[in-house]
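S.K.: Have a look; sequence and predicted model below, questions after that.
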Amino acid sequence: MVLVLGIVCAVSAAAWVYLLLFHGEYWRTRQRLPGAFAGADWPEVIAVVPARNEAEMLPVTLPALLSQDYPGAFRVTLVDDGSTDGTGAVAGKIAESLAAAGNRVPLTVVPGQPRPEGWAGKVWAMEQGLAASGDAGSDVLAGTTADAGTGGYVLFTDADIEWAPGALRDLVTAAEADDRALVSQMALLRAEAGWEKVVVPAFVYFFAQLFPFKRVNDPRSRVAAGAGGCMLVRRLALAKAGGLERVKGALIDDVALGTLLKRDGNRCWLGMTSDIRSVRPYPRLADLWHMIARSAYVQLRYSPALLAGTVLGLLFLYAAPPAGLVTWVVAALAGAGQGGPVAVAGVAGLAGTLAMTGSYLPMLRFYRLSLLRAPSLPLIAVLYTGMTIDSARRHYSGRAVSWRGRPADKTG
């Protein structure tokens, strides 16, 4: 058994060397907005905000979006997707109050329509926002919409996202200067409560490990993704790629949209920011568990084989090295032999543990959390393994939930 553990730890340590050196620098947090736009004509931007039962969030987030310091034409469409808490009315009152104070960014509130067969809930809300904004794909391709000639953009964002005043200007600057059809930033998730500090930084870390931002940003790489809270998309490129209908059933819309655009030959960009923040609280472990379990099995394409591979992979990378290290320490304390398989397990386990711990430090620093939390990454990985397994269990038990409490069916 110790011999097997030693071999596993040695292979795991080698895997960590590969991840740190050759996996797109996923563990770094330095992918920041590129370029500087010196143009005089700023393209029009239409923001589309899918909202379902967001009356509590909007007073915090919507004023910041409507008050963006953007030199070009900018308007916002909020789709009230069957809310029962007065989301649409709250949005309208906020817009009226801001308009009375001199804000000139128009807000249109669109009552959501029943979801057609084959459409996921959030993507259908996004599609309705585009349609209400007069952003028909055929019109854009024909060059008949108001800003098609210069590109024009649609900003997909969420109702829980709070925007710094110049964030939109920075996004457009990066898209125009670097010729990107998609510019997306991972919103800074809230990490204030106890379990948020444990789970949230690791969530972003694991996402970046799955979709290394540097590879997403490399036109030569096939890796593609986006971050759903902030996706600035060139309207002409979206229409040319077939529009949202091409990803209508996607439950993970940001990754699907990024993949669609990049496979159509577009340049895309994904990075980190502290100027765009999610204010949604997840104070309990159950809240965070639900957030991750909601989509984990979806990401695995409902495949039992991929589920088994993911669980084994997580345990191989994150659990095996500490197990080897602990075995070595226990053997030393017990006065047992320190050579052979025990030494291999211990040395390789120490190397792997140090590698994973070091790789987590930049993310903790980005979230301004104590670096002493880094050694907890193996335990958090085991926690995520449980969430992934539970995601599959929910799917097969019929208890899966897709977007903002909407019961999931085959389409989401």
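M.R.: Nice, I can see it. Residues are numbered from 1 along each chain as shown.
S.K.: I'd like to know which helix or strand in the protein has the lowest mean pLDDT.
M.R.: helix 137-142 (a mean of 48; mean pLDDT, DSSP states H and E).
S.K.: C-terminal to it, what's the next element?
M.R.: As assigned by DSSP states H and E, the chain's next helix or strand after helix 137-142 is strand 153-157.
S.K.: right, and the helix or strand after that next one?
M.R.: Taking DSSP H and E, what comes next after strand 153-157 is strand 161-163.
S.K.: How about residues contacting that following strand?
M.R.: Contacts to strand 161-163, defined as Cβ atoms under 8 Å, 6 or more residues apart in numbering, come from residues 60-61, 64-65, 68, 157, 187, 229-230, 275-279. The C-beta positions use only the backbone N, C-alpha and C, and glycine is treated the same way.
S.K.: cutoff 10 Å now
M.R.: 47, 49, 57, 60-68, 155, 157, 167, 171, 187-188, 228-230, 275-280 (Cβ atoms under 10 Å, 6 or more residues apart in numbering).
S.K.: again, but for stretch 359-372
M.R.: So stretch 359-372 is contacted by 16, 19-20, 23, 25-30, 188-191, 196-198, 200-206, 208-209, 272, 274, 357, 373-378, 380 (Cβ under 10 Å, 6+ apart).
S.K.: Now do stretch 250-263, average pLDDT.
M.R.: The average pLDDT for stretch 250-263 rounds to 95.
S.K.: For it, buried residues please.
M.R.: 250-262 (16 or more other Cβ atoms under 10 Å).
S.K.: Those residues: which two are farthest apart?
M.R.: Maximum pairwise distance in these, criterion Cβ to Cβ, is 19.3 Å, between Leu251 and Lys262.
S.K.: So Gly6 versus Tyr205, what's the distance?
M.R.: 27 Å (Cβ to Cβ, to the nearest Å).
S.K.: my guess is Met186 is in a strand, correct?
M.R.: Yes: with DSSP: H, G, I helix; E, B strand; the rest coil as the criterion, Met186 is part of a strand.
S.K.: what residues are up against it?
M.R.: 29, 31, 204, 207-208, 213, 225-230, 254, 270-273, 276, 278.
S.K.: where does Cys268 fall, phi/psi-wise?
M.R.: When read as degrees, to the nearest 10, the backbone of Cys268 gives phi -130, psi 160.
S.K.: ugh, typo on my part, it should be Thr77
M.R.: phi -120, psi 120.
S.K.: Now for it: which residues touch it?
M.R.: Contacts of Thr77 (Cβ under 10 Å, 6+ apart): 46-50, 106-110, 126, 128-135, 154.
S.K.: Mind checking which of those residues land in helices?
M.R.: Met126, Gln128, Gly129, Leu130, Ala131, Ala132 (DSSP state H).
S.K.: What's the local residue count around the nearest residue to Leu182 once chain neighbours are set aside?
M.R.: Setting aside the residues directly before and after it, Leu182 is nearest to Cys268 in space (Cβ to Cβ, 6 or more residues apart in numbering), at 4.1 Å. By other Cβ atoms under 10 Å, the residues close to Cys268 number 25.
S.K.: any idea how far Cys268 lies from Gly352?
M.R.: Cys268 sits 33 Å away from Gly352, going by Cβ to Cβ.
S.K.: quick one: the strands in the stretch 1-150 of the chain?
M.R.: 45-51, 74-80, 107-111 (DSSP state E, counting those that start in this stretch).
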